[in-house]
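Q: predicted model and sequence below, questions to follow.
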Amino acid sequence: MIVGRDPSVLDEAAVARAAIESDAENFSDGLVAPAFWFAVAGLLAYKAFNTADLMIGHKSPRYRAFGEAAARLDDLANYLPARLAGLLIVLAAPPSAEVPRVLPFTL
């Protein structure tokens, strides 16, 4: 129920990947990006982009021109915060013998 894909066509591993992807996106969009933009330029500017994308970012005949602009602006505003969120997730993951460390250096 939390993924944007039809789970009936996914195997168990694909459902798990989709759920993790959804959690990572929510972490970035809901926590990291607002905190990042609050620290950089104030929260209001980011929330305006994000809210416009949520309200009219989907493609509908009525809002096509505005929706595409809002979606692209939101994508641009989330570029750096998404990478920061990815780095935070990698740093928070415990080292495991099964999963190699992604970073090429030791912290």
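A: Now that the structure is in, tell me what you want to look at.
Q: and the nearest residue to F36 once chain neighbours are set aside, how far is that from L87?
A: Leaving aside its chain neighbours, F36 sits nearest to P81 (4.4 Å; criterion: C-beta to C-beta, 6 or more residues apart in numbering). C-betas here are computed from N, CA, C, even on glycine. As judged by C-beta to C-beta, to the nearest Å, P81 and L87 stand 11 Å apart.
Q: any buried residues in the strand or helix carrying the residue nearest to F36, and which?
A: Element membership for P81 (DSSP states H and E) is helix 64-92. By neighbour count with 16 or more other C-beta atoms under 10 Å, helix 64-92 contains the buried residues G67, A70, A71, L73, D74, A77, N78, P81, A82, A85, I89.
Q: off-centre distance for it?
A: 6 Å (C-alpha atoms, centre = their mean, to the nearest Å).
Q: helices of the protein, start to end?
A: Assigned by DSSP state H, the helices in the chain fall at 12-27, 33-40, 43-56, 64-92.
Q: what angle do the last one and helix 43-56 make?
A: In this structure, helix 64-92 runs at an angle of 120 degrees to helix 43-56, with axes from the mean of the first three to the mean of the last three C-alpha atoms, to 10 degrees as the basis.
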